[in-house]
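Enquirer: sharing a sequence plus its predicted fold:
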2 protein chains.
Amino acid sequence: MKHKLAILGFGTVGQGICEILRDKEVYLKNKYDFEFDIVAVSDLHFGNVYNPQGLDINELLGKGSQKTPFSTDIKDWDNLSMIKDSNATTILELTYTDLETGGPAMEHCRVALGAGKNIVTSNKGPAALAYPEMKKIADENGAQFLIEGTVCAGTPVINLSDGPLAGCEISKIRGILNGTTNYMLSEMEKGVGYDEVLKIAQDKGYAEADPTGDVEGHDAQGKVTILANIVMGASLKVSDIPCKGITEIKSEDMDNARNNNKRWKLIGSVENNNGEVKGSVSPEMIDLSHPLAGVMGATNALTFTTDLLGDVTIVGPGAGKIETGFSILTDLLRINRS
Amino acid sequence: MKHKLAILGFGTVGQGICEILRDKEVYLKNKYDFEFDIVAVSDLHFGNVYNPQGLDINELLGKGSQKTPFSTDIKDWDNLSMIKDSNATTILELTYTDLETGGPAMEHCRVALGAGKNIVTSNKGPAALAYPEMKKIADENGAQFLIEGTVCAGTPVINLSDGPLAGCEISKIRGILNGTTNYMLSEMEKGVGYDEVLKIAQDKGYAEADPTGDVEGHDAQGKVTILANIVMGASLKVSDIPCKGITEIKSEDMDNARNNNKRWKLIGSVENNNGEVKGSVSPEMIDLSHPLAGVMGATNALTFTTDLLGDVTIVGPGAGKIETGFSILTDLLRINRS
């Protein structure tokens, strides 16, 4: 099947999925009968390009790596025109995440799904703030709203829960959802203080200049909301999730954990008690024998508690250009199968 | 969709899947539009029963728990008649595993697949000894040969690799594939000797009276063969996999591991080097920081090394009536989706 793709937002993830599609073009055709044209790219910095027959992917990536704007003669098209008036059948919504308002991604998703075009996204905004609404528009218009990349990059979490774990009822999900804070806690265990660790994390590119979203737990809070709404069918808002970050953890707390064979982790949690779904984000001392305790550095992990299998834990990358790019590919292959 | 099921072998797994199907009948219909009739059961101890309209599942389970034979008037039907002449569309092959010859399960699978009937199985025999042959017969006759339960009970391994991990190329799989030996190694770390630990494992029902299959690594060897052939497309025989068990591990070895921040694990491994696939089973000292090191007791775990995601590890149960029963359900739902 041939897919006509439009990419909104040509940053790390947008360029990551383009690299994967370029490098795996033959493999994907032979193994999965998956073919594609990238017909449109729209980006604040690079500008907009459109060719209904497909753009040259190497040329796009060349501009991306050189940070030079596209040559374009369709400057008057905005993102919404690109969605509505291009011949794209699937929109990759990869603009910046805004967990307060959802940003322009909200309208991108509404317009695309309303026009019967699939959305594949790693943008947490629409998924965390409006999953039930987006799913409804998608269902009414025969489109799909696929969001594997919003939680744990491409590590299969959502597609695990409703693929291979289908048939199990999931009563609890607990996990390490933010790689930045997990890296920081791993380093703090070695005796490095919070401020110094934060600076190292910023130097390495794990933490942003304003680290609030990570260290105060808001990033994990958005992901917990997504898991509650998509895996447990809840209708929670981000503000329904009590949230505490790692900023108050002192070296005494680290010693205390070590002396008790435990380890600090920032745990995102969702629990379904007879249909009442509650979530939270908070640092916890985890017993060293628990599978989550061994997850160090920028890695993510989630434990699903199920009725038929007991606990099933998945551990994998939580960030990265290609790792998050894969989350887009996995959802494209899901569309290709259906 | 309504599935007509025949069960060959009414032991732990056969009774487990029946319990799940009975308890989840309404849930499965509502959530997945999955309906079923168990039309035939055939077992060495219980005898054979057949009703094209469906048997009473509670009556079957009652006989199972009381270990009393079925009342039957079709004593002249053998398993092959049951497969060919019943109206079953999917055969659950749950007879005993024989890793030497494959046992009668080989012919059950050949005949069912040849007649265009799906096989769902947790029996390692046909999968380890003849996966390429079985897959070929299945493909030629429009049937499916599904074997999630042959590795790590119902913990998604095979359905993870060709579902949510599709698009990744898997170059290496390493894991803890045998719960009995992992339990024994976990106990030996506490200072208990091999012979004593083996006796405890036998008392708990983890190890059989003749523990050779587990402690010499043959069970893991069969699973490595299956992973090599199904995930990496190889055509290896069980005898192609060098295999060493845990019988030679002494308390000095345990001390040595502890002093080096490591831990002994019986590791099954498959590696694909440019199309040349090799497997092995051997005890290894694993660094405590590796996700597999934290997997204790009768739990199983597998790490997939992929091109796009790096390492992805899944941890879950490796045995159990309901846990292995779920492996059958997950494959039935896969048939239901396709």
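Expert: Good, I have the coordinates.

Enquirer: show me how chain A divides into domains.
Expert: The record assigns chain A these domain ranges, following automatic domain parsing: A:2-154+A:321-337, A:160-317.

Enquirer: ok, the last one near chain B or not?
Expert: Right, domain A:160-317. Yes. Applying Cβ under 8 Å from any Cβ of the partner chain, one finds domain A:160-317 touching chain B at A:160, A:163-169, A:288-291, A:293-296, A:308-317. All C-beta atoms are positioned from the backbone trio N, CA, C, and that covers glycine.

Enquirer: which ones among these are found in strands?
Expert: Using DSSP state E, the subset of the residues of domain A:160-317 next to chain B located in strands is A:310-317.

Enquirer: all strands of the stretch 51-200 of chain A, in order?
Expert: For the stretch 51-200 of chain A, strands defined by DSSP state E, counting those that start in this stretch occupy the ranges A:90-93, A:118-121, A:145-146, A:170-176.

Enquirer: take the ones you listed and write them to CSV, including distance to residue A:256, mean pLDDT and mean neighbour count.
Expert: As requested, the strands of the stretch 51-200 of chain A are exported to CSV (distance: least, Cβ to Cβ, whole Å; pLDDT from 0 to 100; neighbours: other Cβ atoms under 10 Å in any protein chain shown):
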stretch, distance to residue A:256, mean pLDDT, mean neighbour count
strand A:90-93, 43, 98, 27
strand A:118-121, 41, 98, 28
strand A:145-146, 42, 98, 24
strand A:170-176, 20, 98, 22
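
Enquirer: show the buried residues in the residues of domain A:160-317 next to chain B.
Expert: A:160, A:163-168, A:290-291, A:293-296, A:308-317 (16 or more other Cβ atoms under 10 Å in any protein chain shown).

Enquirer: next one: stretch A:83-101 to chain centre, how far?
Expert: On the basis of Cα atoms, centre = their mean, to the nearest Å, stretch A:83-101 sits 14 Å off its chain's mean C-alpha point.

Enquirer: buried sites along that stretch?
Expert: Buried positions in stretch A:83-101, judged by neighbour count with 16+ other Cβ under 10 Å: A:83, A:86, A:88-95, A:97-99.

Enquirer: can you list contacts of the helix or strand harbouring residue A:283?
Expert: Secondary structure from DSSP states H and E places residue A:283 in strand A:276-287. Outside strand A:276-287, the residues that touch it by Cβ atoms under 8 Å, 6 or more residues apart in numbering or on different chains are A:185, A:217, A:220-221, A:224-225, A:227-228, A:232-234, A:236, A:240-246, A:249, A:256-257, A:260-271, A:292-293.

Enquirer: buried members of the residues you listed into PyMOL, please.
Expert: Buried residues within those, by 16+ other Cβ under 10 Å, are selected in PyMOL with:
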select buried, chain A and resi 185+217+220+221+224+225+227+228+232+234+236+240+241+243+245+246+249+257+262+263+264+265+266+267+268+269+270+271+292+293
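
Enquirer: helices - which of the contacts of strand A:276-287 land there?
Expert: A:185, A:220-221, A:224-225, A:227-228, A:256-257 (DSSP state H).

Enquirer: I'd like to know which of the residues you listed is nearest to residue A:114.
Expert: Among the ones in helices among the contacts of strand A:276-287, residue A:225 lies closest to residue A:114 (Cβ to Cβ), at 23.0 Å.

Enquirer: mind listing what the closest residue to residue A:221 other than its chain neighbours touches?
Expert: Excluding the flanking residues, the one nearest residue A:221 by Cβ to Cβ, 6 or more residues apart in numbering or on different chains is residue A:243, at 4.3 Å. When contacts are counted by Cβ under 8 Å, 6+ apart, residue A:243 touches A:216-218, A:220-221, A:280-282.

Enquirer: who in the stretch 1-150 of chain A is up against chain B?
Expert: A:20, A:24, A:27-28, A:32, A:148.

Enquirer: just the buried residues of these.
Expert: A:20, A:24, A:28, A:32, A:148.

Enquirer: wait, the last one touches residue A:154, no?
Expert: Yes. Contact criterion Cβ atoms under 8 Å: residue A:148 and residue A:154 qualify, at 6.9 Å.

Enquirer: overlap in contacts of those two?
Expert: Joint contacts of residue A:148 and residue A:154 (Cβ under 8 Å, 6+ apart) are A:327, A:330.

Enquirer: any weak-confidence spans in chain A?
Expert: A:75 (pLDDT under 70).

Enquirer: change it to 80
Expert: Along chain A, segments meeting pLDDT under 80 span A:72-76, A:289.

Enquirer: from chain B, how far out is the residue nearest the centre of it?
Expert: For chain A, residue A:150 is the residue whose C-alpha lies nearest the centre (Cα atoms, centre = their mean; 2.0 Å). As for residue A:150, its distance to chain B is 15 Å (criterion: Cβ to the nearest Cβ, to the nearest Å).

Enquirer: please apply the same query to residue A:14.
Expert: As judged by Cβ to the nearest Cβ, residue A:14 and chain B stand 16 Å apart.

Enquirer: name the SS class of that residue, please.
Expert: Of the three states, residue A:14 takes helix under DSSP: H, G, I helix; E, B strand; the rest coil.
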